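1. model this:
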Amino acid sequence: MDTSTIQNINIGVDTGKSQLDIYIRPLDIFFSVSNDEKGIKDAIKTIKKYSPQRVVIEATGRLEMPFIIACADANIPYVIANPVHVKRFAGAIGQRAKTDKLDARLIAHYAEAIKPALTQLKPESMRLMADLVIRRNQLLSMQTMEKNRLQILPKHLAMT
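-> As a prediction, the model looks like this:
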């Protein structure tokens with residue numbers, strides 16, 4: 001069913017570790033799938049039926065990447081949104097309640113109202129390098145925290 005000629009379809013995706021909650025606006029359709037290969041495949045199949053203008057998902061520390069890669073492979077227009085922007089939008093419209101369904105609905109509303117620019121997926125080699133840089137920065141931060149802890153640790157507990 002191609003509804004894109006009737007209305008502009010925007011889809012919001014709330015990402016969880018084990019589940020994706022998906023809201024299709026303005027059709028008021030909500031569904032959830034597991035955040036794994038099978039669930040993502042099912043979600044893409046359903047989303048393609050509606051020919052959306054954009055699918056918006058918040059950046060969540062890499063949990064969104066398998067879904068984003070699947071969107072790119074299926075030629076579905078997508079946006080990786082800054083969570084701060086979505087949170088500010090929620091404040092602007094007075095939405096304070098937090099559930100997975102409300103979050104997915106809010107993200108779809110954000111997509112429709114703000115019309116954020118579509119995201120381009122970086123080549124895999126660049127994504128891998130970015131992952132390595134992020135991990136290096138995490139390790140350096142942990143190393144600094146440990147050095148700071150050692151400075152205040154009683155001498156009889158410090159290992160030399």
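2. the residue nearest to the spatial centre of the chain bridge partners, please.
-> For the chain, the residue nearest the mean C-alpha position is E58 (3.2 Å; C-alpha atoms, centre = their mean). Judged by DSSP bridges, the bridge partners of E58 are A81.
3. tell me the spacing between it and S141.
-> Distance, E58 to S141, by C-beta to C-beta, to the nearest Å: 23 Å. C-beta: built from backbone N, CA, C; applies to glycine.
4. equivalent analysis for S51, please.
-> Taken as C-beta to C-beta, the span from S51 to S141 is 43 Å.
5. likewise for R88?
-> Distance from R88 to S141, by C-beta to C-beta: 27 Å.
6. please apply the same query to V56.
-> As judged by C-beta to C-beta, V56 and S141 stand 30 Å apart.
7. what do you get for F67?
-> 28 Å.
8. which of the two has more residues huddled nearby?
-> F67 (23 against 10; other C-beta atoms under 10 Å).
9. check which helix or strand that one maps to.
-> F67 belongs to helix 65-73 when assigned by DSSP states H and E.
10. show residues contacting that helix.
-> For helix 65-73, contacts defined as C-beta atoms under 8 Å, 6 or more residues apart in numbering pick out 13, 15, 20, 35, 37, 40-41, 43-44, 47, 55, 57, 77-78, 80, 119, 121, 127.
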